[in-house]
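Chemist: Dropping the sequence and predicted coords here.
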Amino acid sequence: MDGATKVITTEEEKKTAAVVRLKNIGLRGVTVADTKISHVDGENGILIYRGYRIEELAQGSTFEETAYLLHYDELPTEDALQKFRKKLIEARPIPEFVFCALKNLPKESRPMDVLQAAIPILATADEDLDDETRAANMAKAIRLIARVPVIVAGWQRIREGREPLPSDGALSHAENFLWQLTGAQPDPEIARDLDTILVLHADHSFNASTFACREVVSTRAHMYAGVAAGVGALSGSLHGGANARVMKMLQELRNEKDISGWVRSELASGRKIMGMGHAVYKTLDPRARFLKDMCFRLGKKLHEDHWCRLSTEIEETAIAELNTQGKTTIRPNVDFYSASVYHLMGIPLDLMTPVFAVARIAGWTAHIIEEKFADAQEKPALYRPLSEYVGHYCGKTGCVYEPVAKRKQ
Ligand SMILES: CC(C)(COP(=O)(O)OP(=O)(O)OC[C@H]1O[C@@H](n2cnc3c(N)ncnc32)[C@H](O)[C@@H]1OP(=O)(O)O)[C@@H](O)C(=O)NCCC(=O)NCCS
């Protein structure tokens, strides 16, 4: 039983191994499915949702309209948008027992863990849970899009020892989130900026969390099971968790005099600069440009543009330093400037990734429906890749099993 023996067991595996070597590369460059929902052109820094450039949507659309677009493959008429907004507003109130369950959790619980725990609790309250028709899945999607922000804001209130607030049907999705979070009427400019952020973060093709959602529902699990997996994947520091890590870095560097020295030493010791680099973009992430402008505008308005200036200094120094190492494609991603923007909006550090989820839930549910109904391919498929076994191997008969009492102690 000493040492690992490399074994390829079946003919099928031998064939696959001969044709493709895709192991341990994090599926980079591997196309696993078709999608009609969004597309990332990493070379040219282009992101489209259902054919529309993200720049157009960020400037002209709203989160509600973008969520409609992601789900229905076309922009809504005025009437369709009104109806969709109404459904979202009506779906906001959540059953009391959901908050009762959350109130029993330790107040120091991480908001992403609380959100992930809340998703199956919401499932138990969904009257359409066992109905797998397209209409029922759309109804579930609307409930999830409406309720994820209510959970995030509600948990913030609960951990502060306060009661969650009822939603306000007169407020837009972004405005209502700010209201339920703070209990104050939202500043119109900040609410509009948050709305833009939600549009920018709503979808991003087969990113890790969306792929997790799709993989889970490919087993025919329900939408909530897929979304819970998505929340878990988003929580990681290489994915949605990066925005909070960026803010932590900025706070730690607030009084640092030698930013370039710090950047050099980080890179020299093999550490990554959070909020920079991307698995697909090999140029500036188109969303980062918006967030940088927003950061400076909001920073000036609130007399706090030092966060954006500090970010820019880190960005420029890191790019110059990475260039000298021949790494010429690492640029700020969506998390780099969104961290400062969230901070300026008064969103606590550990709520930054949950706010990402408030936006991404729209993409997750659209992808789950596309996966379930094979909207972009011939028929639904169960994701089931192969792995190469490199563990102990004692031949086809297997290793000799000895009961615990007889085993060498
Ligand atoms: C997002 C990320 C995982 C994508 O990485 P990837 O395409 O898998 O590329 P790798 O991590 O393999 O990086 C390739 C090289 O660039 C370097 N690199 C990538 N991102 C870097 C960063 N932010 N800072 C410094 N170096 C970086 C890596 O160290 C690696 O160098 P090496 O070849 O000498 O080992 C990576 O850029 C990263 O960890 N960024 C920081 C976390 C982050 O912001 N995540 C949010 C993504 S939206």
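Modeler: That came in fine, so what should we check first? Residues are numbered from 1 along each chain as shown.

Chemist: And the residue of this protein that's closest to the ligand?
Modeler: As assessed by C-beta to the nearest ligand atom, the ligand sits closest to G277 within the chain, at 2.2 Å. Placement of C-beta: from N, CA and C, glycine included.

Chemist: ok, now which ones touch that residue?
Modeler: 330-331, 333 (C-beta atoms under 8 Å, 6 or more residues apart in numbering).

Chemist: any idea how far it lies from P332?
Modeler: 9 Å (C-beta to C-beta, to the nearest Å).

Chemist: For the chain, which residue occupies the most central location?
Modeler: Most central in the chain under C-alpha atoms, centre = their mean is L234, positioned 4.4 Å from the mean C-alpha point.

Chemist: I figured that one hits F356, correct?
Modeler: Yes - in this structure, L234 is within contact of F356 by C-beta atoms under 8 Å, at 6.3 Å.

Chemist: list the residues that contact both of these two?
Modeler: With C-beta under 8 Å, 6+ apart as the test, L234 and F356 both reach G240.

Chemist: For this structure, which segments are assigned as strands?
Modeler: 38-41, 46-49, 52-53 (DSSP state E).

Chemist: Give me every residue in this structure lying close to the ligand.
Modeler: By C-beta under 6 Å from any ligand atom, the residues of the chain that approach the ligand are 238, 242, 267, 272-279, 327, 330, 333-335.

Chemist: Show me these that map onto helices.
Modeler: Those of these mapping onto helices are 242, 267, 334-335, per DSSP state H.

Chemist: Neighbour-wise, give me the winner out of the residues of the chain next to the ligand.
Modeler: The most crowded member of these, judged by other C-beta atoms under 10 Å, is D335 (30 neighbours).

Chemist: Please tell me I have it right and that one contacts K248.
Modeler: No - using C-beta under 8 Å, D335 is not in contact with K248; the gap is 11.8 Å.

Chemist: Count the residues that sit near the residue nearest to Q156 when sequence neighbours are not counted.
Modeler: Nearest non-adjacent residue to Q156, counting by C-beta to C-beta, 6 or more residues apart in numbering: L181, 5.6 Å away. L181 is flanked by 23 other residues according to other C-beta under 10 Å.

Chemist: Equivalent analysis for the one 10 residues further on, please.
Modeler: Residues near A191, counting by other C-beta under 10 Å, number 21.

Chemist: Pull up the gap between the nearest residue to it once chain neighbours are set aside and A58, please.
Modeler: Nearest non-adjacent residue to A191, counting by C-beta to C-beta, 6+ apart: E175, 4.5 Å away. Using C-beta to C-beta, we find E175 at a distance of 18 Å from A58.

Chemist: the helices in the stretch 1-150 of the chain, which residues?
Modeler: 11-19, 54-60, 63-72, 78-91, 96-103, 111-124, 134-159 (DSSP state H, counting those that start in this stretch).

Chemist: these two touch, right, V216 and M223?
Modeler: No - under the criterion of C-beta under 8 Å, V216 makes no contact with M223, lying 9.5 Å away.

Chemist: more crowded one of those two?
Modeler: Remark: of V216 and M223, M223 carries more neighbours, 29 against 24, as counted by other C-beta under 10 Å.

Chemist: could you list every residue that touches the nearest residue to that one once chain neighbours are set aside?
Modeler: Using C-beta to C-beta, 6+ apart and skipping the chain neighbours, the partner closest in space to M223 is K140 (4.7 Å). Contacts of K140 were listed using C-beta under 8 Å, 6+ apart, and they are 126, 128-129, 222-224, 365.

Chemist: Are any of these buried, and if so which?
Modeler: 126, 128, 222-224, 365 (16 or more other C-beta atoms under 10 Å).

Chemist: Just name the closest of these to K36, please.
Modeler: T365 (14.8 Å; C-beta to C-beta).

Chemist: Return the residue spatially closest to that closest one, with its sequence-adjacent residues excluded.
Modeler: Counting by C-beta to C-beta, 6+ apart, the residue nearest T365 is A141, at 3.6 Å.

Chemist: Next up, the contacts around the one you found.
Modeler: 71, 223, 365-366, 368-369.

Chemist: Number of residues surrounding the residue nearest to T66 when sequence neighbours are not counted?
Modeler: Nearest non-adjacent residue to T66, counting by C-beta to C-beta, 6+ apart: V199, 4.8 Å away. Neighbours of V199 under the rule other C-beta under 10 Å: 28.

Chemist: V199 contacts E64, correct?
Modeler: No - the pair V199 and E64 does not pass the contact test of C-beta under 8 Å, sitting 9.7 Å apart.

Chemist: one step back: so which two of the contacts of A141 are the farthest from each other?
Modeler: Spatially, the most separated pair among the contacts of A141 is H71 and M223, at 12.3 Å (C-beta to C-beta).

Chemist: quick one: common contacting residues for those two?
Modeler: 141, 365.

Chemist: then stretch 76-95 to CSV, C-alphas only?
Modeler: In CSV, the C-alpha atoms belonging to stretch 76-95 read as follows (Å, rounded to 0.1, in the frame of the first residue of the first chain):
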residue,chain,number,x,y,z
PRO,A,76,-39.3,44.0,-22.2
THR,A,77,-42.0,46.3,-23.5
GLU,A,78,-43.1,49.0,-21.0
ASP,A,79,-46.1,46.9,-20.0
ALA,A,80,-44.1,43.7,-19.6
LEU,A,81,-41.5,45.6,-17.5
GLN,A,82,-44.2,47.0,-15.2
LYS,A,83,-45.7,43.5,-14.7
PHE,A,84,-42.2,42.0,-14.0
ARG,A,85,-41.4,44.8,-11.5
LYS,A,86,-44.8,44.2,-9.8
LYS,A,87,-44.1,40.5,-9.5
LEU,A,88,-40.7,41.2,-7.9
ILE,A,89,-42.2,43.6,-5.4
GLU,A,90,-45.0,41.2,-4.5
ALA,A,91,-42.4,38.4,-4.0
ARG,A,92,-40.3,40.4,-1.5
PRO,A,93,-42.0,39.6,1.8
ILE,A,94,-40.7,36.3,3.2
PRO,A,95,-42.4,34.0,5.7
